[in-house]
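Undergrad: model the structure of this input:
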Amino acid sequence: MKSFNFFMPSQIRFGAGRINELSDISPSLGKSCLMVSRPVNGSQKETYAKINGILAKVGVSVVHFDEIVPNPTTEGVENGIKKALNHQVDFVLGVGGGSVMDSAKLIAFLYTKDAKVDWDQAIDQYSNPFAITDKPGSALPFVAVSTTSGTGSQSTQAAVVTDTANKNKVTIFHAALFPSVSIVDPELMLSVPAQVTAATGFDAFTHAFESYLGNLTSPLTESMSLQAIKIVFDYLPKAIADPSDIEARTQLAWADTLAGMCLANGGAQLPHPLGEIIGGICPRVAHGETLAIVYPEFLKYKEPLAQEKFAKVAAYISASDDERPMSDHINELLEKVKLSEALKRSKITKEEHHQITEHPLLNVLQPDNVAQIKSIMSNSLLV
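TA: Prediction:
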């Protein structure tokens, strides 16, 4: 057996109704928190009200920061830090999907007494996903409450944010970006609409699949990846067909959590930086949809190079008499959950198309394979 690392320091509290345990968790972290979320009167307003009630009963006051947008920005993080500083909160509570989680992580991690963030320094200093180094001295504790099943942010050491000035997505890595506690309560996911369920569910699949394809796998992550992949194939269409199916929601929440741990320890593959290029230039396009846009071309490129692994995954998820290649299964899933329409829905303009296909990151992802990388991106954008 080869040598490997596995690191997962977050306490995960998984299951229906576990949101109520905020009453046990929060008092040990302080008397006040910054709740980071999407708009307070949006689709999760009942969840926010419930959390406010839970915390009020144990004497924890809540300052609500609800300015988070899809594909969150550096400005949003800075505004959140300013609000946390102005109200002198003791910890940060992120309630939402990936955009909220990433923002909340960075607000807590980059919190300073003067509310100033040197992004160039942070990006340079916190660029290694597997380094174990001291966290900033003024960082705040962070608790995650996930309301979607896809980003795995409740079980990773990464946070992605958009640099709006440069139309570029950047990722910060640090062990302290693992939440202190993650609450994964499938009951909070019952109201997630079909298109969001599809995009986040496919995102979870890609985390499991891409980490499985990489060279940082372990017996543990390989087993977890296969389990997560099969769950997504089995339950994502069910959750879309019946959003109130708590069993499907629970299974997808588990797949998301498993896949996040795989991603944290095994890393992602080419589709993620390609998708982040699209998302940086077209922030209206959800991350899972950007992955759906690039995946068919990625599969054409990657399957011949990783035939054994593709075949193992296909055998694990399919019936014994189904001998189709794994790429067929994935493309069929994209069709079934209507993510094959992601490119059409994105309505990428000619100017955006030019910015995407000429993005400088395409020249450095695989310096010895630039022509192939650019071809994958260009072909992905063909209508």
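Undergrad: all helices of the stretch 51-200 of the chain, in order?
TA: Applying DSSP state H, counting those that start in this stretch to the stretch 51-200 of the chain gives helices spanning 74-86, 98-109, 119-125, 194-213.
Undergrad: meant to ask about the stretch 251-383 of the chain, not that
TA: Going by DSSP H, counting those that start in this stretch, the stretch 251-383 of the chain shows helices at 271-281, 287-302, 307-317, 326-336, 342-346, 350-357, 370-380.
Undergrad: closest to residue 149 out of these?
TA: helix 287-302 (10.8 Å; CB to CB). For every residue, glycine as well, the C-beta is placed using N, CA and C.
Undergrad: how close does residue 321 sit to residue 79?
TA: 56 Å (CB to CB, to the nearest Å).
Undergrad: isn't residue 7 right up against residue 173?
TA: No. Taking CB atoms under 8 Å as the definition, residue 7 is not a contact partner of residue 173, at 12.0 Å.
Undergrad: hmm, back to that, can you tell me which of the helices of the stretch 51-200 of the chain is packed in deepest?
TA: helix 98-109 (a mean of 29; mean count of other CB atoms under 10 Å).
Undergrad: looking at it now, give me its mean pLDDT.
TA: Averaged across helix 98-109, pLDDT comes to 96.
Undergrad: could you name the helices and strands sitting against it?
TA: Judged by 3 or more CB pairs under 8 Å, 6 or more residues apart in numbering; DSSP states H and E, the packing partners of helix 98-109 are strand 32-36, helix 74-86, strand 91-96, strand 142-146, strand 158-163.
Undergrad: so what's the gap between it and the chain middle?
TA: A distance of 11 Å separates the centroid of the chain from that of helix 98-109, by CA atoms, centre = their mean, to the nearest Å.
Undergrad: cool, stretch 38-54 as well?
TA: So, by CA atoms, centre = their mean, the centroid of stretch 38-54 is 21 Å from its chain's centroid.
Undergrad: in it, what counts as buried?
TA: Buried residues in stretch 38-54, counted by 16 or more other CB atoms under 10 Å: 38, 44, 47, 48, 51, 52, 54.
Undergrad: from these, pick the one nearest residue 250.
TA: residue 47 (16.8 Å).
Undergrad: tell me the centre residue of this protein?
TA: By CA atoms, centre = their mean, the chain has its centre lying nearest to residue 151, at 2.3 Å.
Undergrad: lovely, talk soon.
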